[in-house]
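Q: can't give you the sequence, but here's the structure:
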């Protein structure tokens, strides 16, 4: 988590920037009381990303409904990664790296048992889809 906290968004790999933007759009849509999937599709208009967008929405829905603690997310234009976003980027990197034990341990701190399996399944599907498009949310930071 601390690898990402307060880091400039521009230093994230493309896949991590994609999921970070998606998480922010989702949270912003809820704040504005508009449909998160519709907001996500408007923000990410590439049709080949539709399956990933649906699973990103499911991930955020599980976090919202089964979350153990409030998760702070930045506004759309915040140039650095917030605490909640850093935690989620760590989780996304774990999913992408196919580390199920680490993923389950992280999920145990974030969501109740009822939300853990569905959230993990949605993240695995989204990461697989994004990986095929060269957008794996691997959480790598560029130097500089």
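A: It's in. Keep in mind the model is a prediction, meaning the values are calculated, not measured.

Q: quick one, what contacts the closest residue to residue 112 other than its chain neighbours?
A: Using Cβ to Cβ, 6 or more residues apart in numbering and skipping residues adjacent in sequence, the residue nearest residue 112 is residue 66, 4.6 Å away. All C-beta atoms are positioned from the backbone trio N, CA, C, and that covers glycine. Shown in contact with residue 66 (Cβ atoms under 8 Å, 6 or more residues apart in numbering): 111-112, 114-116, 119.

Q: narrow these to those in helices?
A: Judged by DSSP state H, the contacts of residue 66 include 114-116, 119 as members of helices.

Q: who wins for most neighbours among those?
A: Among these, the one with the most neighbours (other Cβ atoms under 10 Å) is residue 119, at 26 neighbours.

Q: and the gap between that residue and residue 10?
A: As for residue 119, its distance to residue 10 is 28 Å (criterion: Cβ to Cβ, to the nearest Å).

Q: where do the helices sit along this protein?
A: Assigned by DSSP H, the helices in the chain fall at 14-32, 36-43, 50-66, 83-96, 100-110, 113-132.

Q: go through those helices and name the closest to residue 141.
A: The closest of the helices of the chain to residue 141 is helix 14-32. By Cβ to Cβ, the value is 8.6 Å.

Q: give me the spatial nearest neighbour of residue 53, chain neighbours excluded.
A: In this structure, residue 53 finds its nearest non-sequential neighbour in residue 40, 4.8 Å apart by Cβ to Cβ, 6+ apart.

Q: these two touch, right, the one you found and residue 59?
A: No - Residue 40 is not in contact with residue 59 according to Cβ atoms under 8 Å; the separation is 11.2 Å.

Q: so which of those two has more stuff around it?
A: A direct count of neighbours by other Cβ under 10 Å for residue 40 and residue 59 places residue 59 higher, at 27 against 23.

Q: who touches that one in this structure?
A: 119, 122-123, 126.

Q: let me see the contact set for the spatially most central residue of the chain.
A: Centroid-nearest residue in the chain, with Cα atoms, centre = their mean: residue 19, separated by 4.4 Å. By Cβ under 8 Å, 6+ apart, residue 19 lies in contact with 56, 88-89, 92, 126, 130, 137.
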